[in-house]
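Asks: Got a sequence here, can you model it:
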Amino acid sequence: MILRIRVKPHAPVDALAMSADGTWVARVKAVPVDGKANEALLALVARHFGCRRTAVTLRSGAGARQKLVEIDDRALPPRA
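Replies: So this is what the prediction gives:
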């Protein structure tokens, strides 16, 4: 599964929500220095979807606010 995510670093709380156009908006407390915001984003996505952090990878946008994040479908919990 590939997600298009717009990241807003240095937020008061970590949060992940889907916007009306189908993209995701992530707010992370971490600052965009030395990849800290990217790591916080990947951990947030893993927590939100209930999978391990190692199943989530950054496909593109390491230095941008718009990112593509991939989640290994095999790592996702089964849907009810």
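Asks: how about residue 26, secondary structure?
Replies: strand (DSSP: H, G, I helix; E, B strand; the rest coil).
Asks: Mind jotting down where the helices sit in the chain?
Replies: Ranges of helices in the chain, per DSSP state H, are 36-49.
Asks: quick one: the strands in it?
Replies: All strands of the chain, identified by DSSP state E, fall at 2-8, 15-18, 24-27, 56-60, 66-71.
Asks: any chance of the ones you listed in a markdown table, plus mean pLDDT, distance to residue 77 and mean neighbour count?
Replies: In short, each C-beta sits where N, CA and C put it, glycine included. Converted to a markdown table, the strands of the chain look like this (pLDDT from 0 to 100; distance: least, C-beta to C-beta, whole Å; neighbours: other C-beta atoms under 10 Å):
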| stretch | mean pLDDT | distance to residue 77 | mean neighbour count |
| --- | --- | --- | --- |
| strand 2-8 | 96 | 16 | 17 |
| strand 15-18 | 96 | 16 | 13 |
| strand 24-27 | 97 | 18 | 19 |
| strand 56-60 | 97 | 14 | 15 |
| strand 66-71 | 96 | 11 | 18 |
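Asks: Out of those, the one nearest residue 38 is which?
Replies: Counting by C-beta to C-beta, residue 38 lies closest to strand 56-60 out of those; the figure is 5.9 Å.
Asks: For that closest one, C-alpha coordinates in PDB please.
Replies: C-alpha atoms of strand 56-60 as PDB (Å, rounded to 0.1, in the frame of the first residue of the first chain):
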ATOM      1  CA  VAL A  56       7.000   1.100   6.600                       C
ATOM      2  CA  THR A  57       9.400   2.800   4.200                       C
ATOM      3  CA  LEU A  58       9.800   6.200   2.700                       C
ATOM      4  CA  ARG A  59       9.700   5.900  -1.100                       C
ATOM      5  CA  SER A  60      10.200   9.500  -2.000                       C
END
